[in-house]
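Engineer: Need a 3D model of the following:
(one chain, ligands or ions: 1)
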Amino acid sequence: MSQNQPVRQNKFNNANVAGANGRALISTTRKHHGIIGKKAGRYINGSLPVLPFNDDEFELALCSHYLFLYSEHVTLNQHILSLKELCRVSKEVRIYPLLSIEDNEQSKHLNPVMTSLLSSGISTSLVSVEYEFQKGAKEMLVAKRV
Ligand SMILES: C[S@@+](CC[C@H](N)C(=O)[O-])C[C@H]1O[C@@H](n2cnc3c(N)ncnc32)[C@H](O)[C@@H]1O
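Structural biologist: Next comes the predicted model:
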């Protein structure tokens, strides 16, 4: 190991983690988080639109880079059912990004989903975010039961 390489004490397993650059270091740390999280039972498999959780089990549900991003593969109905399910298990739901990966434009499902949810007693709003992971992706959808 070169003396110029960063060395960090990993607080989760006390192993020394060395990487030639930040990316390697972050990736190694994430792997350790995953292993520890699995052992602690923090990861539970589920597949939208059906989740293995009780009503109101969570205060906040986050869904990133799945709904809306894959609008050509996930149907409008699957989006609606998935949002309803997320709102069943959580008091608040946040989805990001809202652009389709195909053309980087706002998902064709966004407006129909918002209209449909409103008729099911779920209010939605578009909220600006500072994070712009995807070019032009400056908003998240926030959904809550009214
Ligand atoms: C592009 S990855 C995003 C992963 C992570 N959320 C992120 O932002 O880094 C898309 C994820 O959607 C998950 N996924 C695909 N179909 C799903 C479904 N029906 N219900 C829940 N998750 C699903 C995949 O397993 C995959 O982990």
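Engineer: Hmm, Phe58 is touching Lys91, no?
Structural biologist: Yes: using C-beta atoms under 8 Å, Phe58 is in contact with Lys91, at 7.2 Å. Where you see a C-beta, it was placed from the backbone N, CA and C, and this is true even at glycine.
Engineer: For whichever strand or helix holds Leu126, what is the distance to the chain centroid?
Structural biologist: Using DSSP states H and E, Leu126 sits in strand 122-128. Here the centre of mass of C-alpha atoms in strand 122-128, compared against the chain's by C-alpha atoms, centre = their mean, to the nearest Å, lies 16 Å away.
Engineer: Sheet-wise, list the partners of it with their directions.
Structural biologist: Partners of strand 122-128 in the sheet, by DSSP bridges, are strand 139-145 (antiparallel).
Engineer: and Arg94, that one's in a strand?
Structural biologist: Yes: under DSSP: H, G, I helix; E, B strand; the rest coil, Arg94 sits within a strand.
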